[in-house]
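**Student:** Here is a sequence with its predicted model. Questions after.
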Amino acid sequence: MPVGGRLAGKTGFSNSYASGGRSYNDINEEIYYLSIFMATLIAVLITLALCYIAYEKYHKKREYFINV
């Protein structure tokens, strides 16, 4: 039974992805592209929300002038 949580031949993180045929560069590249995609998606959603707020503000002001 191993002492101190160490197993023979299983040190570090290199064994988990090396056996799957993927390198750290591939994983880092995926994280890079995913973060760019998520930032773009968040920017689009914020833009849509601001456009909706501006539309509602204009719509309320227009209703005020029509009702007066």
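**Tutor:** Noted; the coordinates are in hand.
**Student:** Low-confidence ranges, the protein, go.
**Tutor:** 1-22, 62-68 (pLDDT under 70).
**Student:** Can you tell me how far Ser23 is from Glu30?
**Tutor:** Plainly put, Ser23 is 11 Å away from Glu30 if you go by Cβ to Cβ, to the nearest Å. C-beta: built from backbone N, CA, C; applies to glycine.
**Student:** Next: Val44.
**Tutor:** 21 Å.
**Student:** Next: Ala39.
**Tutor:** Relative to Glu30, and taking Cβ to Cβ, Ala39 is found at 15 Å.
**Student:** Repeat that for Ile36.
**Tutor:** Taken as Cβ to Cβ, the span from Ile36 to Glu30 is 11 Å.
**Student:** tell me the contacts of Tyr33?
**Tutor:** For Tyr33, the contact set (Cβ atoms under 8 Å, 6 or more residues apart in numbering) is empty.
**Student:** For it, pull up the helix or strand it's in.
**Tutor:** For Tyr33, the host element (DSSP states H and E) is helix 24-67.
**Student:** burial count for Ile53?
**Tutor:** Neighbour count for Ile53, taken as other Cβ atoms under 10 Å: 10.
**Student:** I meant Lys60, not that one.
**Tutor:** What Lys60 shows, counting by other Cβ under 10 Å, is a neighbour count of 9.
**Student:** With Ser23 instead?
**Tutor:** So Ser23, with other Cβ under 10 Å, has 12 neighbours.
**Student:** do the same with Ala43
**Tutor:** 10.
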